[in-house]
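A.B. asks: Got a predicted structure plus its sequence, pasted below:
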Amino acid sequence: MRVLRVAALPDDALAASARFHEQDLPAAQAALAKGEDLTLVFAPADHTHRGWRLAAVQGLAREHAPVRVNAVAGDDEAGIAAALRYLEGAPGVTGQLLPLDSIGAGEVLS
């Protein structure tokens, strides 16, 4: 699975979407063209960013199926690593945006 860390984006959702589509989308499409599963890593953002991020991930997932495309949003490296491990072992998960919370509810029980 390829991991693409999205560069810092503006706080304004519309400006952030525009910058993502201009700067980061070409790298994502290049990885997907090689047939690699892809997970995007976004920095945390407020609720106004959810719509464009989810639309981008779902659009890429539909366009490149059966290659898997997902995204996580967070700034805690341990949380990001755990989410990446989960996604690596979850072959049926695609088109998802997983918001991560570094002060969340506690350990996941398995």
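C.D. replies: Here it is on my side, so go on.
A.B. asks: Near R5, how many other residues are there?
C.D. replies: 12 (other Cβ atoms under 10 Å). Placement of C-beta: from N, CA and C, glycine included.
A.B. asks: can you offset everything so residue one is 797?
C.D. replies: All set: I'll call the first residue 797, so the last point we hit is now R801.
A.B. asks: Correct me if wrong: it contacts T835.
C.D. replies: No - applying Cβ atoms under 8 Å, one finds R801 not in contact with T835, separated by 9.8 Å.
A.B. asks: Going by length in residues, pull out the top helix of the protein.
C.D. replies: helix 846-860 (DSSP state H).
A.B. asks: For the spatially most central residue of the chain, which three-state class applies?
C.D. replies: With distances taken as Cα atoms, centre = their mean, the residue of the chain nearest its centroid is A867 (1.6 Å). Following DSSP: H, G, I helix; E, B strand; the rest coil, the label given to A867 is strand.
A.B. asks: Quick check: closest non-adjacent residue to it.
C.D. replies: L836 (4.0 Å; Cβ to Cβ, 6 or more residues apart in numbering).
A.B. asks: Which positions in stretch 822-835 come out as buried?
C.D. replies: The neighbour-count check on stretch 822-835 (16 or more other Cβ atoms under 10 Å) flags 824, 827-828, 833-835 as buried.
A.B. asks: okay if I get the residues you listed as JSON lines plus distance to P806 and pLDDT?
C.D. replies: Below are the buried residues of stretch 822-835 laid out as JSON lines (distance: Cβ to Cβ, whole Å; pLDDT from 0 to 100):
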{"residue": "A824", "distance to P806": "19", "pLDDT": "97"}
{"residue": "A827", "distance to P806": "24", "pLDDT": "95"}
{"residue": "L828", "distance to P806": "25", "pLDDT": "97"}
{"residue": "D833", "distance to P806": "28", "pLDDT": "97"}
{"residue": "L834", "distance to P806": "23", "pLDDT": "98"}
{"residue": "T835", "distance to P806": "22", "pLDDT": "98"}
